[in-house]
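Undergrad: sequence first, predicted coordinates after that:
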There are 2 protein chains.
Amino acid sequence: MSPTEHRERPPALTRERLLDSAERHFSEHGFAGASLREITNDAEANLAAVSYHFGSKEELFVAVIERVMAPINRERLELLDAAEERAAGRPLELEELIAILVGPVLRSHAAEGGAGCSLRLFARGQFEDASMWKRIAEGPLKVIKPRLEAALARSLPHLSAQEIAYRMHFMMGAVKSAAGDQHALRAMSRGLCDPDDIEGTLAQLVAFLAAGMRAPSLAARPTSGPPSGRSSARSSGRSARRADSKEKPK
Amino acid sequence: MSPTEHRERPPALTRERLLDSAERHFSEHGFAGASLREITNDAEANLAAVSYHFGSKEELFVAVIERVMAPINRERLELLDAAEERAAGRPLELEELIAILVGPVLRSHAAEGGAGCSLRLFARGQFEDASMWKRIAEGPLKVIKPRLEAALARSLPHLSAQEIAYRMHFMMGAVKSAAGDQHALRAMSRGLCDPDDIEGTLAQLVAFLAAGMRAPSLAARPTSGPPSGRSSARSSGRSARRADSKEKPK
DNA sequence: GTCTATAGAGGGATAGAC
DNA sequence: GTCTATCCCTCTATAGAC
């Protein structure tokens, strides 16, 4: 073996401290708005350590995202495996499926030691530069998305593939809002809602999403005319008085 | 009068070209990621024109947001006024109310002459620095939010104020996702959904949101126990195996 | 109202000592 | 594996000519 002189602080920990600090700064200021100097100062590490451990700011960002997403997606897969085994071939109950999709995301906030801002980072990810988001979307997301899509389609046989896709998109938006904008939830509700009450928020979110996903299909009727309900869903009279929308609001 | 030598290009238009260009760049790269040099080059204006017309980058950003939001909120208020007058004291139908809230946002994309990226900017706004977002939230939002809240409460008498607040938050998230991340909608649906089909997207969104808002109240039962439905809504067995979530995914 | 030129700060990346 | 020092670039903001 090598000399193994025991050091007080294992040297490899710098890398982890950099990831912790970067997670905080990226989630708060975004990729462009965070500076490596602040990140390394906060991590009590040297500026050059970023280059040494990750190669560039972009690689550091991707590493942060992957560290946040990996356990979430791992847990989702485990829960999905267990639930599908329990269901023994029958479609999963929608509430259970949605809780599997959403629960690990929300819970990662409360549990993650110290960092606790991964959700905002997650919600923000899609707005970072396309090249980075592509790398993220083609990573762990590629594994879990088809599984969820298939499970949703089985639990919602009344929807077309197009409607499943629309509603999944809306669902992800609501999840990101609940997960990544907790400050707005508290402020806009004037204290009525407590974003730190993860289980309460989760219950509300699952109920909302399950009902939304279960909405009747709009594809029942052909392809013309107002697709939905009674007399509305198409705000009102004129819909294109927009030539003047560029006037000065002054 | 002044000499009025007719110029080919009226000088005051620089301000508008700056706003147009800034809207594109801010929506694509965010506040921190957009540079005044690119904005002014794209606007065929001079770098110093930003200082002259707006004073600073931040003031330019706020001006862009206000220009985008003003006609949307104006239209929302007009539609709401008309609908409430038509309803003559009765609660509005939920679909109509949601279409009033969401329609002007989605439609502003298709209509706005040339810019057409205001939605992403809108969805992205909340992630900009808190000071700027505060100025935006305290601006036109302050006018419209109480009206919508009151109308929702009247159309959804089975919900508590807390539940209205939760669901409004989820709803805004879904709207932002539909409005600001059209690229993801197209990519994730593999072409099934066309984000440029505004009316189709709007119909799907209204149906989804109305069903979600109409979900049964969870507050019916006291304050203990699993709040929702049958046997699920609480993913599965262990829910706090998170001490290991910081392990390396390597 | 628009321009050029530049100040002054801060950014990411890197070479090379230890 | 960590550090200092520095390069070189881009950024915002501004002064002052036209």
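TA: Cool, the structure landed. Numbers count the residues shown, from 1 in each chain, chains lettered A, B, ... in the order given.
Undergrad: where exactly do the helices run in chain A?
TA: A:13-33, A:36-42, A:47-53, A:57-87, A:94-111, A:118-124, A:130-137, A:141-155, A:161-180, A:182-188, A:198-213 (DSSP state H).
Undergrad: those helices into a markdown table, with extra columns for mean neighbour count?
TA: The way it works is simple: take the backbone N, C-alpha and C, and place the C-beta from them, glycine included. A markdown table is the format used below for those (neighbours: other C-beta atoms under 10 Å in any protein chain shown):
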| stretch | mean neighbour count |
| --- | --- |
| helix A:13-33 | 21 |
| helix A:36-42 | 17 |
| helix A:47-53 | 15 |
| helix A:57-87 | 19 |
| helix A:94-111 | 23 |
| helix A:118-124 | 25 |
| helix A:130-137 | 14 |
| helix A:141-155 | 15 |
| helix A:161-180 | 24 |
| helix A:182-188 | 17 |
| helix A:198-213 | 24 |
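Undergrad: so which of the ones you listed is nearest chain B?
TA: helix A:161-180 (2.2 Å; C-beta to the nearest C-beta).
Undergrad: what is the closest one packed up against?
TA: helix A:94-111, helix A:118-124, helix A:141-155, helix A:198-213, helix B:161-180, helix B:182-188, helix B:198-213 (3 or more C-beta pairs under 8 Å, 6 or more residues apart in numbering or on different chains; DSSP states H and E).
Undergrad: to B:Ala150, which of the helices of chain A lies closest?
TA: Proximity to B:Ala150 (C-beta to C-beta) singles out helix A:182-188 among the helices of chain A, at 14.3 Å.
Undergrad: what packs against that closest one?
TA: On the basis of 3+ C-beta pairs under 8 Å, 6+ apart, helix A:182-188 makes packing contacts with helix B:130-137, helix B:161-180.
Undergrad: in terms of mean pLDDT, which of those helices ranks lowest?
TA: Here the lowest mean pLDDT among the helices and strands packed on helix A:182-188 goes to helix B:130-137, at a mean of 77.
Undergrad: circling back: to B:Ala70, which of the helices of chain A lies closest?
TA: Nearest of those (C-beta to C-beta): helix A:182-188, 20.2 Å.
Undergrad: low-confidence ranges, chain A, go.
TA: For chain A, applying pLDDT under 70 flags the ranges A:1-12, A:110-116, A:220-250.
Undergrad: so which bits of it are right by DNA strand C?
TA: Counting by C-beta under 7 Å from any atom of the strand, chain A comes close to DNA strand C at A:34-38, A:47-48, A:50-51, A:55-58.
Undergrad: the residues you listed also near DNA strand D: which ones?
TA: Restricting those to those near DNA strand D by C-beta under 7 Å from any atom of the strand leaves A:47-48.
Undergrad: how about the residues of chain A next to DNA strand C in CSV, adding distance to A:His183?
TA: Formatted as CSV, these follow (distance: C-beta to C-beta, whole Å):
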residue, distance to A:His183
A:Ala34, 18
A:Ser35, 22
A:Leu36, 25
A:Arg37, 26
A:Glu38, 21
A:Leu47, 30
A:Ala48, 34
A:Val50, 28
A:Ser51, 33
A:Gly55, 33
A:Ser56, 30
A:Lys57, 26
A:Glu58, 27
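Undergrad: closest one of the residues of chain A next to DNA strand C to B:Tyr166?
TA: A:Ala34 (30.5 Å).
Undergrad: contacting residues around the closest one?
TA: A:22, A:25-26, A:28 (C-beta atoms under 8 Å, 6 or more residues apart in numbering or on different chains).
Undergrad: so which of these comes closest to A:Asn73?
TA: Using C-beta to C-beta, the contacts of A:Ala34 come closest to A:Asn73 at A:Phe26, 19.0 Å.
Undergrad: that closest one - nearest residue in space that isn't next to it in sequence?
TA: Spatial nearest neighbour of A:Phe26, excluding adjacent residues (C-beta to C-beta, 6 or more residues apart in numbering or on different chains): A:Ala34 at 5.2 Å.
Undergrad: returning to that earlier point: state the pair within the residues of chain A next to DNA strand C that is farthest apart.
TA: Top of the distance list for the residues of chain A next to DNA strand C (C-beta to C-beta): A:Glu38 and A:Gly55, 19.1 Å.
Undergrad: now distance to B:Arg147 too, for the helices and strands packed on helix A:161-180, in a markdown table please.
TA: Formatted as a markdown table, the helices and strands packed on helix A:161-180 follow (distance: least, C-beta to C-beta, whole Å):
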| stretch | distance to B:Arg147 |
| --- | --- |
| helix A:94-111 | 30 |
| helix A:118-124 | 27 |
| helix A:141-155 | 35 |
| helix A:198-213 | 22 |
| helix B:161-180 | 12 |
| helix B:182-188 | 28 |
| helix B:198-213 | 16 |
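Undergrad: mind checking which of these is nearest DNA strand D?
TA: Set against DNA strand D and scored by C-beta to the nearest atom of the strand, these come closest in helix A:118-124, at 19.5 Å.
Undergrad: so which residues make contact with the closest one?
TA: Defining contact as C-beta under 8 Å, 6+ apart, one finds that helix A:118-124 is touched by A:23, A:26-28, A:30, A:64-65, A:68-69, A:105-106, A:108-109, A:112, A:176-177, A:179-182, B:127.
Undergrad: chain center to it, what's the gap?
TA: Taking C-alpha atoms, centre = their mean, to the nearest Å, one finds helix A:118-124 lying 6 Å from the centre of the chain it belongs to.
Undergrad: now swap in stretch A:148-163 and tell me
TA: Taking mean C-alpha positions (C-alpha atoms, centre = their mean), stretch A:148-163 and its chain are 20 Å apart.
Undergrad: and the end-to-end length of it?
TA: With C-alpha to C-alpha, to the nearest Å as the measure, stretch A:148-163 spans 14 Å from end to end.
Undergrad: stretch A:122-130 now?
TA: Stretch A:122-130: ends 15 Å apart by C-alpha to C-alpha.
Undergrad: again, but for stretch A:47-61
TA: 15 Å.
Undergrad: ok, A:Gln182 - contacts?
TA: So A:Gln182 contacts A:119-120, A:195-196 (C-beta under 8 Å, 6+ apart).
Undergrad: go with 10 Å
TA: Neighbouring residues of A:Gln182 by C-beta atoms under 10 Å, 6 or more residues apart in numbering or on different chains: A:109, A:117, A:119-120, A:123, A:193-196, A:201, B:169.
Undergrad: could I get those as TSV with distance to B:Leu79?
TA: Formatted as TSV, those follow (distance: C-beta to C-beta, whole Å):
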residue	distance to B:Leu79
A:His109	37
A:Cys117	38
A:Leu119	34
A:Arg120	33
A:Ala123	29
A:Cys193	27
A:Asp194	33
A:Pro195	31
A:Asp196	36
A:Thr201	31
B:His169	22
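Undergrad: what sits against A:Tyr166?
TA: With the criterion set at C-beta under 10 Å, 6+ apart, A:Tyr166 makes contact with A:159-160, A:218, B:178, B:185, B:189, B:192-193, B:200-201, B:203-205, B:207-208.
Undergrad: if we go to 7 Å?
TA: Contact analysis of A:Tyr166 by C-beta atoms under 7 Å, 6 or more residues apart in numbering or on different chains lists B:193, B:204.
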